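Colleague: next comes the sequence, and after it the predicted model I'd like to discuss.
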Amino acid sequence: MTVVITGASQGIGRAIALAFSDAYDNAKVALVARTVDKLEAVADACQERGASTMVCPADVTNDDAVSIMAERVVDMWGAPDVLINNAGAFTYAPLDELTADGFRAQIDVNLTSAFVVTKAFLPLMRDAGAGHVFYTASVASIQAYPGNAGYCAGKHGLRGLARVVREETKNEGIRVTTVIPGATLTPTWDGADIEAERLMPASDIAETVVQAYKLSDRTVMEEVLLRPQKGDV
């Protein structure tokens, strides 16, 4: 089985790559992100678990880079069985400090990139009549956070995009799942004055993704909301 993961160099993306490598013998995992050395470290960890890997350095906000990446994956492994749209970024800025360019940058990485990546792979998945597309959203997809206009708008839009993909493909054998995690222990929280035990482990999010994929093809987990046991931080 073939898995393509954007934002795979760290955090939730890394955890998902390791989880699929553990769950499936001879998994083929394409790792997409901008930082080559981090991708190579994740690839090594996947290979230790028996997976085959493809390191795909790419900026998913660059349409041409996405096309080149997708062509490379498809040429080697064909249509993916699983597509994980996980790339994202967060920049805190109150409205009176947020520029139009800063807003657009948040939309590009958190929303538009997922649209472009989905468009790159979905036609082949539809031709195959099978596949599972995941979107890593956020609790910022369902509620507002001050200082997060760009991030919240992007993540709200991502949830909407996923719902449309679900409706347009549900009769073609494609499953679509939106994962909505709360505060998760990832590099996003580096430097924050919050105890690690207060945050969810990224491995829990990854395991949820694998379990959603393992459901029979008669069932789809359309959306799943995960929060720290003690609630949002």
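Modeller: Thanks, I have it. Residues are numbered from 1 along each chain as shown.
Colleague: check this structure for its longest helix and report it.
Modeller: helix 149-169 (DSSP state H).
Colleague: give me the sheet partners of the next helix or strand after that helix and which way each runs.
Modeller: Next helix or strand after helix 149-169 toward the C-terminus (DSSP states H and E): strand 174-181. Strand 174-181 pairs in its sheet with strand 131-136 (parallel), strand 223-226 (parallel), by DSSP bridges.
Colleague: which of the ones you listed sits most buried?
Modeller: strand 131-136 (a mean of 25; mean count of other CB atoms under 10 Å). In this view, the C-beta of every residue, glycine as well, is placed from N, C-alpha and C.
Colleague: neighbours of Glu222, just the number please.
Modeller: When neighbours are counted by other CB atoms under 10 Å, Glu222 registers 14.
Colleague: model confidence at it, what's the number?
Modeller: With respect to pLDDT, Glu222 scores 98.
Colleague: that one against Lys170, yeah?
Modeller: No: using CB atoms under 8 Å, Glu222 is not in contact with Lys170, being 9.5 Å away.
Colleague: near Gly160, how many other residues are there?
Modeller: 14.
Colleague: quick check: it vs Ser67, distance?
Modeller: Here the criterion is CB to CB, to the nearest Å. By it, Gly160 lies 24 Å from Ser67.
Colleague: coming back round to it: between Glu222 and Lys170, which contacts overlap?
Modeller: Common neighbours of Glu222 and Lys170, using CB atoms under 8 Å, 6 or more residues apart in numbering, are Val176.
Colleague: show me what contacts Met54?
Modeller: Lys28, Val29, Ala30, Leu31, Arg72, Val73, Met76, Trp77.
Colleague: what do you get if the cut-off is 7 Å, keeping everything else the same?
Modeller: Listed by CB atoms under 7 Å, 6 or more residues apart in numbering, the contact set of Met54 reads Ala30, Leu31, Val73, Met76.
Colleague: my guess is it is in a strand, correct?
Modeller: Yes: with DSSP: H, G, I helix; E, B strand; the rest coil as the criterion, Met54 is part of a strand.
Colleague: if any of the contacts of Met54 are buried, put those into a ChimeraX selection.
Modeller: Restricted to buried positions by 16 or more other CB atoms under 10 Å, the ChimeraX selection for the contacts of Met54 reads:
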select :30,31,73
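Colleague: can you tell me which of the contacts of Met54 is nearest Ala17?
Modeller: Leu31 (6.1 Å; CB to CB).
Colleague: quick one: that closest one from Thr91, how far?
Modeller: Taking CB to CB, one finds Leu31 at 24 Å from Thr91.
Colleague: with Val165 instead?
Modeller: Where Thr91 is concerned, Val165 sits at a distance of 26 Å (CB to CB).
Colleague: again, but for Gln211
Modeller: 32 Å.
Colleague: that's a strand at Val4, yeah?
Modeller: Yes: assessed with three-state DSSP, Val4 lies in a strand.
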